[in-house]
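S.K.: how would this look folded up:
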Amino acid sequence: MRRAYSFISLLCLVILAGCTSGTAGKVISVSIEPSGVNVVIGTTLQFTATVADTFNQNVTWSVVGDASKGAISGTGLYTAPAAVPTPAQITVMAISQKDPTKSATATVKVTATAAPSPITVLVSPGAASVSAFGTQQFTSTVTGNTNTAVTWQVNGTTGGSRTLGFISSSGLYVAPGGVPTASDSSGGTAATTLTVIAVSQADLSASGSAAVTILPENQNNQSGAIELGTSGGNVNDSNTSGQTTVCCGGTLGSLLTRAGTQFILSNNHVLARSDSATAGENIIQPGLIDAGLTPQTKCDKLQATTVANLSQFVNLETESKSASVANIDAAIAQVVPGKVDPGGNILYLGATADANGVPVPGAPNAGSGVAASVNMAVAKSGRTTGLTCSTVLAVNTNTIVAYNKNCDGSGASFKVTYDNQVQVMGGDFSAGGDSGSLIVTQNTADPVALLYGGSDMDTVANPVAPVLNFFASGGNSVTFVGGAAHQVIGCTLPNAPQAASGAVLPASLTADVLQRATAARDTHGPELLAHPEVQAVGVGASYDHPGEPAILLFVTKGQPRKKLPSQVDGIRTRIVEGDLFPRRGTISAADSAVNAQSAEAPQAVYSISQAEFRRAKLVHAAHVAELMQQPGVQGVGIASSVDSPGEAALMIFLIRGVPHNAIPPVIDALRTRVRESSPFRGGNGGAEPHRACLLPARPATQKVSTPSDQVKH
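M.R.: Next up, the predicted model:
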């Protein structure tokens, strides 16, 4: 303050020293306000003149032109004429009375009516948190126009959509069943917000908006016996650096029973802190990431309840790498009596919905679960994205998954190579924090797999059979606690959270790439047309390998295929079924596109027969080791071909942006299929979600609940 005060004092002295009683040596100037505005006929507008470098501020006002331009008083009050003059723009002048050679002008436009006020739209509330499947009423206030009607949008989509939630013409928003996701900075997916927009129907450039956060029940702090599919984790799952603590959490997925004792099932990296934990550590609900309702109480262990104690886990760096032990990322924790729903109910997985259309909790089908199959419809309920629904993309997959020792992504990193994994389609099927979720079938709620990681394109999970086998002990089998088979009703509702990666679009091809297919087509066109089911032979893009060309074989739907080739001169073939195609014979790329439009749109995944699966399994076993050693390859599994629906394909998972060897169109007579994504990571795209926060100081008399404390209370 001392420097500022000195500066102000010096400035005042300078100003006073410059003040004199005359204008000698000074240059007078005049300015007028306002200028460039509109004035309505018959109304008035006050002008103000400022004369610089003289104490004499008097000016003489005038309107340039005749009386049709209006009049102005000696004080600068302008009165517009009764009619709009020609031209409509008039000029007002102010001349200094101290120095008549100095003047200024301002222009105004005379209009018949007042310029319309700008339209503004306000949405209320300006921000809202809405439960998954829940509702929120928004209202709009439009000013500046008598037409107050608006068009409601979600993220720019009028009326919303299944994945964004729906909004009615009256502003009633119905949230999606799953939490929307977006790519994160680690090549995975993370929860994101939505924007509800009200667009003025009177002026489409005027709009207002509100931010919407979708919060599933899975993140809530539950009381009493908790239901599963909920936020949880190890009480020590945090990292402290200086005075800042980063805390993490995952999903307490499901309930197991062994010899009459119940255990919570989740991942090693959720319950056992990626090999860093010891048996007996407290497992809490919610996880530290969701503990506490305010910034001051976030990450506080005292804001969570101990519901189980860590019992057993597969060591990721040693045991998970040995097929003789268990090739899984799994851990179990013995339930504290009375703290977990003994029926094994999982949030959102019920067979019915409540009066508000929200799926009720439901237990999985009790028992040992079922094996995943290609195109199986599945669902999961997890901490971050709640209920999501999708299909199995690939099975029997060998894949490389990266981990970090610390929950925030710091610390030593290591990789685990898994075999016989389940790949579920869609990066939005899960996000960081969903690790530990139980994946079940949509039609019967049978356990299928244990979710533990993924990329920006897909989710990866352990099949349930090796998980149960590992935790069997002393001749006592392990089974899922649950009830009868039932449909997961949430996947059938209008706002069901379906994974968004089901669309298949052909990649554009350069002329030289397409020419390769054209040359092969021209050489072999007659022999391909000799097949009775083939109506036309064209060229286009491959679906199994985006960016690669294909020879298109347009075949009669339902007619048996007689040894149609999978490749011709190293060019993939693509089968397109239809009843009667408009273009016949050997056709161009343009005519091929016309024929393709008359056929059914391709699916991202098709069912395959057991015979096809067995054929693919033999090829997979013979070549998986060599393929996994190739640069850029992070997984090899069994999937369905999109180029030839009904056929199996060897799915090659590539790391996007990493150079790789050429992928042959066929290996041992089995088609190959390519899928590029970010690297697979345990925890689904990096560390589990975390929030940095300062832990509150803990009074010396406070302590974390122990199992015995929980029983007593």
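
S.K.: may I have stretch 355-371 as PDB, with CA atoms only?
M.R.: In PDB, the C-alpha atoms belonging to stretch 355-371 read as follows (Å, rounded to 0.1, in the frame of the first residue of the first chain):
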ATOM      1  CA  ALA A 355     -43.200 -46.700 -10.000                       C
ATOM      2  CA  ASN A 356     -40.700 -44.200 -11.400                       C
ATOM      3  CA  GLY A 357     -39.300 -46.500 -14.000                       C
ATOM      4  CA  VAL A 358     -36.100 -47.200 -12.200                       C
ATOM      5  CA  PRO A 359     -34.900 -50.800 -12.200                       C
ATOM      6  CA  VAL A 360     -34.900 -52.300  -8.700                       C
ATOM      7  CA  PRO A 361     -31.900 -54.200  -7.400                       C
ATOM      8  CA  GLY A 362     -31.700 -57.900  -8.200                       C
ATOM      9  CA  ALA A 363     -29.600 -60.900  -7.500                       C
ATOM     10  CA  PRO A 364     -27.800 -62.800 -10.300                       C
ATOM     11  CA  ASN A 365     -28.800 -66.300 -11.100                       C
ATOM     12  CA  ALA A 366     -27.300 -68.400  -8.300                       C
ATOM     13  CA  GLY A 367     -24.700 -71.000  -9.100                       C
ATOM     14  CA  SER A 368     -21.500 -71.100 -11.200                       C
ATOM     15  CA  GLY A 369     -22.400 -68.800 -14.100                       C
ATOM     16  CA  VAL A 370     -22.100 -69.600 -17.800                       C
ATOM     17  CA  ALA A 371     -19.400 -69.300 -20.400                       C
END
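
S.K.: give me the neighbour count for residue 56.
M.R.: Residue 56 has 12 neighbouring residues, counting by other Cβ atoms under 10 Å. C-beta: built from backbone N, CA, C; applies to glycine.

S.K.: typo on my end, it should be residue 405
M.R.: 18.

S.K.: against residue 331, how distant is the residue nearest to it when sequence neighbours are not counted?
M.R.: Distances taken as Cβ to Cβ, 6 or more residues apart in numbering place residue 411 nearest to residue 405, at 3.7 Å, with adjacent residues excluded. Applying Cβ to Cβ, to the nearest Å, the value for residue 411 to residue 331 is 19 Å.

S.K.: the residue nearest to residue 405: how many residues sit nearby?
M.R.: 15.

S.K.: just to check, it is in contact with residue 403?
M.R.: No. In terms of Cβ atoms under 8 Å, residue 411 does not count as a neighbour of residue 403; the distance is 9.7 Å.

S.K.: does residue 526 count as helix, strand or coil?
M.R.: At residue 526 the chain is in helix, as set by DSSP: H, G, I helix; E, B strand; the rest coil.

S.K.: and the closest residue to residue 394 other than its chain neighbours, helix, strand or coil?
M.R.: Using Cβ to Cβ, 6+ apart and skipping the chain neighbours, the partner closest in space to residue 394 is residue 637 (3.6 Å). When classified by three-state DSSP, residue 637 comes out as strand.

S.K.: and the pLDDT at residue 473?
M.R.: Here, the pLDDT recorded for residue 473 equals 78.

S.K.: so who does the residue lying closest to it once chain neighbours are set aside touch?
M.R.: Of all residues not flanking residue 473 in the chain, residue 258 sits nearest, at 6.5 Å (Cβ to Cβ, 6+ apart). Applying Cβ atoms under 8 Å, 6 or more residues apart in numbering to residue 258 gives the contacts 471, 472, 473, 476, 477, 478.

S.K.: now, those residues that are in strands?
M.R.: residue 478 (DSSP state E).

S.K.: and the contacts of residue 258, which are buried?
M.R.: 471, 478 (16 or more other Cβ atoms under 10 Å).

S.K.: could you redo the contacts of residue 258 as a markdown table and give each row distance to residue 170?
M.R.: What follows is these, written out as a markdown table (distance: Cβ to Cβ, whole Å):
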| residue | distance to residue 170 |
| --- | --- |
| 471 | 52 |
| 472 | 56 |
| 473 | 59 |
| 476 | 58 |
| 477 | 55 |
| 478 | 52 |
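
S.K.: just for the stretch 51-200 of the chain, where's the confidence low?
M.R.: Within the stretch 51-200 of the chain, the segments meeting pLDDT under 70 span 185-187.

S.K.: and for the stretch 201-350 of the chain?
M.R.: 295-296, 320-325.

S.K.: the helices in it, which residues?
M.R.: For the stretch 201-350 of the chain, the helices defined by DSSP state H, counting those that start in this stretch cover 268-271.

S.K.: one step back: wasn't the residue nearest to residue 405 part of a helix?
M.R.: No. Counting by three-state DSSP, residue 411 falls outside a helix, being coil.

S.K.: distance of it relative to residue 241?
M.R.: Distance from residue 411 to residue 241, by Cβ to Cβ: 11 Å.

S.K.: now residue 297
M.R.: 20 Å.

S.K.: mind checking which of those two has more residues around it?
M.R.: Neighbour tally, residue 297 and residue 241, criterion other Cβ under 10 Å: the higher count belongs to residue 297, 14 against 10.

S.K.: how much space between that one and residue 609?
M.R.: Following Cβ to Cβ, the distance that separates residue 297 from residue 609 is 56 Å.

S.K.: list the buried residues for stretch 569-581?
M.R.: Buried residues in stretch 569-581, counted by 16+ other Cβ under 10 Å: 571, 572, 573, 574, 575, 576, 577, 578, 581.

S.K.: hmm, the fifth one is touching residue 553, no?
M.R.: This points to residue 575. Yes. Look at residue 575 against residue 553 with Cβ under 8 Å: they come within range, at 5.4 Å.

S.K.: return the residues in contact with residue 617.
M.R.: Counted by Cβ under 8 Å, 6+ apart, residue 617 has contacts 396, 638.

S.K.: which SS class is it?
M.R.: Taking three-state DSSP, the label given to residue 617 is helix.

S.K.: how close does it sit to residue 266?
M.R.: Residue 617 is 30 Å from residue 266, by Cβ to Cβ.

S.K.: again with residue 126
M.R.: Distance from residue 126 to residue 266, by Cβ to Cβ: 37 Å.

S.K.: compare those two (neighbour count), which wins?
M.R.: For residue 126 versus residue 266, the count of surrounding residues by other Cβ under 10 Å is larger for residue 266: 33 against 12.

S.K.: mind naming the longest strand for this protein?
M.R.: strand 386-404.

S.K.: how about residue 579: what's its closest non-neighbour residue?
M.R.: Nearest one to residue 579, counting by Cβ to Cβ, 6+ apart, is residue 557 at 5.6 Å.

S.K.: which residues sit in contact with the one you found?
M.R.: Residues near residue 557 by Cβ under 8 Å, 6+ apart: 577, 578, 579.

S.K.: with those residues in mind, which one is nearest to residue 535?
M.R.: Nearest to residue 535 among the contacts of residue 557 is residue 578, at 7.8 Å by Cβ to Cβ.

S.K.: and the closest residue to the closest one other than its chain neighbours, what helix or strand is that in?
M.R.: Among residues not flanking residue 578 along the chain, residue 599 sits closest, at 4.3 Å (Cβ to Cβ, 6+ apart). Using DSSP states H and E, residue 599 maps to neither a helix nor a strand.
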